[in-house]
Every structure is written in C-alpha cells, then in structure tokens.
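**Student:** Give me the fold of what follows.
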Amino acid sequence: MLVIWGLIFCLSFIFPFTSALAKPSTEILIEFKEIKKVNSYIFGHNTLAYDPCTYEGGKNCINHGQYTNFGAGQWDPILRKPNTVLVDLAKKIKVSVLRFPGGCGTHHYNWKKAIGPIEKRPMYKFGIDEFMELCKAIGAKPIITLSYFTGTCQDLADLVEYLNAPLGTNPNGGIAWAEVRAKNGHPEPYGVKWFEFGNEVWHGDHRKISAVDPREYARRYLKCRQLIKNVDPKVKLGAVIGESPYGLDWWGRTVLNIVKDKVDFVVIHIYRPGYRSNKNEIPAKELFKITLASPDQIKDILERIKKELKDLTGREIPIAITEYNGSFIQQKPVPYRHSLGNALFIADLLRVFITAEVPILCANYWQFSNSYWGLVYNPNYMKGRGKYYKRPNYYVFDLYANHFGDILLNTTVKSETYFQPGYRKILPSGILQKLSVSRSNDNKFLIKPVFRWLPSCVKLEKCFDYCLKLNFNCENKNMLGLFFYDEIQTKSNWLYSCEFEIKTENLSNFWFNIQVKDQNNKTIKTSRILKGNFDWTKVGFDFKTSEDMKLLKLMFFACSEENKIEGNIYIRNMKIEELGPAPQYGPTPYISAIASTNEKKDKIYIMVINKNLNEPMKTQIKINGFKFKPIVRAWILNGSSVDTTNEGCRERAKIHYKEVKINPKEGSFYFTFEPHSVTALELIKKED
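**Tutor:** Numbering: from 1, shown residues only. Okay, the predicted model is just below:
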C-alpha cells in the first residue's frame, strides 16, 4: 500500500499556476441575504499558566517557569506586564476569548498559590490577576478552567468570590476574598462569567487516577455548581463531556443523564486525525486528504450533539469547544501540526463553527504561543531576545479577522469530490448504503463474563452472576490476553456501547483494558487504559461494527514493563447496548466556501478552501442581489506543498495578495483557486 501511495503522490507542483490548467467544474452561489451574525467568540485561544510539575509530576520534574512565569511568552515577569509583541499579534487576529490556565495542567493547579505579592510566589508570577490584566490588554473575554482533582467545591467557590464578589461582601463566609483581591491591587470585581468544571476529566489526572466515574463527576458538578451560584448567580459553569464520531460519547451521556437541565453549557474538545507516527507511514497528501474530509463530519457530529443535549436536558444547551487543533503528535518528516495542511483544516473547522446550526458558546484554538502547539513562536523568548515567527495556522486567523465580515450570507457550493479511506475518528467516505434503522427489542443486556481461556497464573472467582474476580500472580509475563465472551451477534455498520464497573486491589505496575474484537480477532475498539488501585468505577466506550462483522468478542488485555502481573481485578455489570445505525458520509467536495458582508453592507467577503492538493480549481462564482465593481481583491495563504512549514524561522507558507480584473456578467465571474490554499476574496459594491 505504501508503494502505491508513493507512486500516486510522487509529483509536486510549482507556483505560479495558470488558469489554463484548471477545469471550470465548480460553482459557488451566494445569495445577498443575511442568515445570522458571526459569533466573534469562535475566534478564541488558549494561554498556558500551569507549573509543568503539576502536570508531569515525578521526582525529577523542574518548573522552569515557561508557563507559570512567562505564560508561554504572553507575560513579561521582569516588567510585570503583558508582552507587547504578543498582545499586538493577538489583537491583529482579534482574539476574543482567552482560556486559563491550560488543559491537563489544570488537574493539579492550585489557584491560591497564584495570587498575592510576587516575592511570595517566585514560580507563579503569571497568576490570576496577571491573566486578567492580559485579557484586558488584548480585549479578550476570560474563560477559566477549574481543577477537578485539586481542592474542594469550597476552594472553587472561593476563586469565584475572589474574582467576582464586590468589596465588602463575603457570600460563603470564611475568608473575605474580595478584600484579598483589593489588597492585591484590584478592588473592583473582575466579573468573570465562564468557568469549566475540570479538563478532560474522564482520563484521570495523569498520575494515580486513570479513569473517573461519570456518575461521581456529575454528582460533584451539581454540588459545586450550587456553591458557586451562591457566590455569583450570574456565573455559567460548564460540564465536561466527550464527543465521538457519532455524537455524544458514552461518558458524556452518562453525565448528562444525571445533571439533566442543571447544566449551563457543555465542554467538548475536537482533535483530528490522531496521527502519531514519525515513520511517514501515511504520505502527507494522503494524510491530509483524510484530515480535510473531517470538518463536514464534525459539523454533523455537532448537530447530533445538539439534538442529544435537547433530548437529555429538555432544552437547548450551549456548546463550548475550549480546545481544538489538528492532532498530529509527531515531528518527522515535519511537524504536521504546524504545516500548511493543518492550516487548511483549521480554516475549514472555523467555517463549520460559523455555519453549523448549533449554539456554540465559544471556540478556543489550542494554543496561542510557543510550547508544543503555539501558532506563533520565538525560540529565545525566555532569554528576552529574538523575534516572533508566524506559523501557517496564524495566517488563517489573520484572514478571518481582517478579510471576513460580521454578517453571514447564504452560500452553496457545487464541486468535484474525492473519496478517502478514513482514519481513527475520521470515518471513510464512499457510496451511501441504505441501512435498516430498526432495533432489536432487547437492545441493552447484561453479559455474564465467561472466560474461554485462562493461564494457570490467573485464578477466577465469582462474586455473583454478573461479577467476577481475577487474581493475577504471573511471573515472567509482560503481556497477557484473556478472551472471556465470544458469542454476541452484531449488525454490520451499527453503533454499540459497552460499559462495566471495575475495581482493583494490590496491583503491581501494569496497565490493562477491555478490547472489542470481531470474529477474525481484529481489534475494533478498546477501553481507556486503566492502572493503579481504585474502588468501583464505571467505565465505558462506544464502537462501530464493520461491514462484515457478525460476532463480537471481548478480551481482557494486560501489559507490564516489569515482567510481572500481580493483583486483583473485579469486573461486574458488563453491558452491551445497541445504539442504532452508524452515520455514513459521501465523497468530500474539493472546494468549501463561506461568505459574509459587513455592517454597511457595501462589501462581500468570500473564504474559500481548496482541498485539491494537486490541481487548481477554476470556479464560477455567482452572486444574487449585489452588484459589484470589476476588481476582485484576493489574499491567498499557500506554500509549495501541503506539508510546508515555517519551522526554522523561515516563512515558506504565508499570505500573498493580488488583484484580479473581472468582467462580471449577470453577477458572476471566474476565479482559479490554487491547490492546497485558503483564499479570502473581497468584492466592493458598485453604486448605481
């Protein structure tokens, strides 16, 4: 397969492209009719402020201050003010929301260490008040992630009181946090309205906790929410849920079945495609063909989540997408997360966030500066020298901020399409099949765990009918697989969920999970990796059967780095539930587009992403209800190839500008979009 891909994609293209190479097979039709206002909070970002040791842990962890003191470059700890260069870069792309203190670094973040005199917090010079000063300098609305694993509900309510209580009040008793804030130089309340209850809580704290029971999360959410509302009833607290290729995931559904309508908004994170290989296993063009098919799938997922939220809570619930990016966790041959291809993906995701019929509260790109994901970077920022460089992702926000309007217009696209095979959470595109939507009468059932094979070092005991205990005492074993049920019939291309409760005792240093396999022992889905000792915890996951899957097998799998697997594991109440037919997707259009106008309604802006990685696309653009001048202004983000990066402080991918004279006949004209490009067009109204 790799050889075939290599032969198919070995040719590269060199700019400039001429319109003679393109075929006029694509059409963009724009009706000069207002649909809705563009939500400016979609253009949010993340800042970093956590101590790396609170995330990484370990005896050898050293806090170098790149986040806690410098805010990944956004704060100057020497001058004690925001970094003016980064403030200007943020203001240029109209950063509307800033999230604090960062993703998984929130797990062990103690906000009470990040306030007070600087000399008493030498490694938290970029703390709560400094973050609020940064937001003010940029003109961004703050959203703050509360730690689920550190502190009590009272500690979280104390933070809200510190930020929002008027001087002279003390809503929850104890320390008068408004007075503490005043002593720290800010007597007026900050008035922060948006808070998240944890970050990706389902996966644990990256230390001792490997999974969190969604029932426990939901109960604690309700308890903390009430205490926080007692401090400030205007505060909105978001509940963490998860998304899957099919809508809400198992964890999110379980949470919402408990909190019901007592949720102010929900929080999801979106990353695609989940590619981690440094061995170039999938050539860049093929990888980005797959990735660029996912935004339209994500739009469908968001709309499914909207409906599920309404079904579960009885009302429309806002969705905060507080992290999103291209998920490329690799460096070779180039870091794709910083490539032109990822910029195309981000541009198309923003199109989806703007156009989806979904109540999006905000969307925050992960993340603004330096570190692993920053869209601007300066290798020497902690030394107080060097200059900042823009990665291709930055230019996407530049185009939307400076060459796109505030009012969305009705836009339809007809385009040539392509098929792609899918990868991880990206489903394949193909010919749509007609599926029966009937369900069986018994669509949720308990499984009696019956092991088909056990090694001699594992002893099995029954707790009761739907519970068993596994005692491991396996020397010279670093990997172990146990099949324990293999007669469950399934439908093809169908969605199921699997859930169970699990408890551990006296485990040695090994991890384990539950895997779903088909009749040919091909792995379909695995549960989260679980490790450590914990009391009964509910775990689950959703999965999709393949076209030829007839039976599913469940397998217990364990792996150790110490050639020893010891301890007790209890499993009970294992259930399989039939959810219904899996979503299907047809071929992906090469061209996607979105149009807008301004408040004066004297301009039209068109944002176009060309996903054809080999050829330019000559496109007819038709506009009804708006007469325009015979000049098109174009700002084009592109580079020599889809995997172009600006690493090494060289801007190989950037925006170039051109003007094109056109002859608008009956409100239409032709424009040729370069391959692998994002183009912003501007048309000016022609006066009668």
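**Student:** Stretch 417-433 - what's its average pLDDT?
**Tutor:** Averaging pLDDT along stretch 417-433 gives 90.
**Student:** which outside residues touch it?
**Tutor:** Stretch 417-433 is contacted from outside by 244-245, 272-275, 282, 287, 289-291, 293-294, 297, 493, 582-590, 611-612, using Cβ atoms under 8 Å, 6 or more residues apart in numbering. Placement of C-beta: from N, CA and C, glycine included.
**Student:** Give me the buried subset of these.
**Tutor:** 244-245, 272-273, 275, 282, 287, 289-291, 293-294, 297, 493, 582-583, 585, 587-590, 611-612 (16 or more other Cβ atoms under 10 Å).
**Student:** for this protein, where's the lowest mean pLDDT among helices and strands?
**Tutor:** Ranked by mean pLDDT, DSSP states H and E, the helix or strand of the chain with the weakest confidence is helix 2-8, at a mean of 39.
**Student:** any low-confidence regions in the chain?
**Tutor:** Applying pLDDT under 70 to the chain flags the ranges 1-24, 55-59, 433-445, 448-450, 483, 485-486.
**Student:** Scan it for its longest strand.
**Tutor:** strand 564-581 (DSSP state E).
**Student:** Now go through the contacts of stretch 417-433 and say which are in helices.
**Tutor:** Residues of those located in helices (DSSP state H): 287, 289, 290, 291, 294, 297.
**Student:** okay if I get the residues you listed as CSV plus distance to residue 476?
**Tutor:** Formatted as CSV, these follow (distance: Cβ to Cβ, whole Å):
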residue, distance to residue 476
287, 40
289, 46
290, 41
291, 43
294, 44
297, 45
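**Student:** who's in contact with the nearest residue to residue 660 once chain neighbours are set aside?
**Tutor:** Excluding the flanking residues, the one nearest residue 660 by Cβ to Cβ, 6 or more residues apart in numbering is residue 632, at 4.6 Å. Counting by Cβ under 8 Å, 6+ apart, residue 632 makes contact with 659, 660, 661, 662, 669, 671, 681, 682, 683.
**Student:** Sort out which of these are buried, if you could.
**Tutor:** Those of the contacts of residue 632 that meet the buried threshold are 662, 669, 671, 681, 682, 683, by 16+ other Cβ under 10 Å.
**Student:** any idea which of the residues you listed is the one closest to residue 205?
**Tutor:** Nearest to residue 205 among the buried ones among the contacts of residue 632, counting by Cβ to Cβ, is residue 681 at 47.5 Å.
**Student:** Provide the secondary structure category for the closest one.
**Tutor:** strand (DSSP: H, G, I helix; E, B strand; the rest coil).
**Student:** circling back to that earlier point, possible to save the contacts of residue 632 as a markdown table with distance to residue 457?
**Tutor:** As requested, those are exported to a markdown table (distance: Cβ to Cβ, whole Å):
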| residue | distance to residue 457 |
| --- | --- |
| 659 | 75 |
| 660 | 73 |
| 661 | 79 |
| 662 | 76 |
| 669 | 74 |
| 671 | 69 |
| 681 | 68 |
| 682 | 71 |
| 683 | 73 |
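**Student:** Tell me the one among the residues you listed nearest to residue 366.
**Tutor:** Proximity of these to residue 366 (Cβ to Cβ) peaks at residue 681, which lies at 28.8 Å.
**Student:** give me every residue that touches that closest one.
**Tutor:** Each residue near residue 681 by Cβ under 8 Å, 6+ apart is listed here: 605, 606, 607, 608, 621, 632, 633, 634, 671.
**Student:** ok, 7 Å please
**Tutor:** By Cβ atoms under 7 Å, 6 or more residues apart in numbering, the residues touching residue 681 are 605, 606, 608, 632, 634, 671.
**Student:** mind listing what the last one touches?
**Tutor:** The contact partners of residue 671, taken as Cβ under 7 Å, 6+ apart, are 619, 621, 632, 660, 681.
**Student:** just to revisit the earlier point, now find how far off-centre the longest strand of the chain is within its chain.
**Tutor:** How far strand 564-581 lies from its chain's middle: 27 Å, per Cα atoms, centre = their mean, to the nearest Å.
**Student:** where exactly do the helices run in the chain?
**Tutor:** Applying DSSP H to the chain gives helices spanning 2-8, 52-56, 84-92, 128-138, 153-164, 177-183, 214-231, 250-259, 284-291, 294-313, 340-355, 392-402.
**Student:** Need the winner for burial among these.
**Tutor:** helix 340-355 (a mean of 26; mean count of other Cβ atoms under 10 Å).
**Student:** ok, now which ones touch the residue nearest the centre of the chain?
**Tutor:** Closest to where the C-alpha atoms of the chain average out (Cα atoms, centre = their mean) is residue 270, at 2.3 Å. Residue 270 is in contact with 243, 298, 321, 324, counting by Cβ under 7 Å, 6+ apart.
**Student:** repeat that for 6 Å
**Tutor:** 321, 324 (Cβ atoms under 6 Å, 6 or more residues apart in numbering).
**Student:** Could you shift the numbering so residue one becomes 35, and keep it that way?
**Tutor:** In the new numbering, first residue 35, that becomes residue 304.
**Student:** how near is it to residue 597?
**Tutor:** 39 Å (Cβ to Cβ, to the nearest Å).
**Student:** hang on, the earlier thing: quick check: the gap between the residue nearest to residue 694 and residue 384.
**Tutor:** Residue 666 sits 22 Å away from residue 384, taking Cβ to Cβ as the criterion.
**Student:** Over to residue 553?
**Tutor:** Counting by Cβ to Cβ, the gap from residue 553 to residue 384 is 42 Å.
**Student:** Check residue 623 too.
**Tutor:** When distance is defined by Cβ to Cβ, residue 623 is 17 Å away from residue 384.
**Student:** try residue 682
**Tutor:** Residue 682 is 27 Å from residue 384, by Cβ to Cβ.
**Student:** end-to-end on stretch 606-625?
**Tutor:** 50 Å (Cα to Cα, to the nearest Å).
**Student:** who's in contact with that stretch?
**Tutor:** Taking Cβ under 6 Å, 6+ apart as the rule, stretch 606-625 contacts 60, 327, 331, 447, 449-453, 461, 463, 466, 469, 471, 473, 477-478, 480-481, 500-501, 527, 529-535, 578, 645-646, 651.
**Student:** Buried ones only from those, please, as a PyMOL command.
**Tutor:** The PyMOL command for the buried members of those (criterion: 16+ other Cβ under 10 Å) is given here:
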select buried, resi 60+327+331+447+449+452+461+463+481+500+501+527+529+530+531+532+533+534+535+578+645+646+651
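**Student:** Show me which of the contacts of residue 705 is closest to residue 87.
**Tutor:** residue 715 (48.6 Å).
**Student:** count of residues packed around residue 557?
**Tutor:** Residue 557 is flanked by 12 other residues according to other Cβ atoms under 10 Å.
**Student:** for it, what are its contacts?
**Tutor:** For residue 557, the contacting residues are 549, 551, by Cβ under 6 Å, 6+ apart.
**Student:** What of the one 3 residues further on?
**Tutor:** If you count contacts by Cβ under 6 Å, 6+ apart, residue 560 has them with 547, 549.
**Student:** circling back: in JSON lines: the contacts of residue 715, plus distance to residue 689.
**Tutor:** Formatted as JSON lines, these follow (distance: Cβ to Cβ, whole Å):
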{"residue": "639", "distance to residue 689": "15"}
{"residue": "640", "distance to residue 689": "15"}
{"residue": "642", "distance to residue 689": "14"}
{"residue": "666", "distance to residue 689": "16"}
{"residue": "668", "distance to residue 689": "10"}
{"residue": "705", "distance to residue 689": "16"}
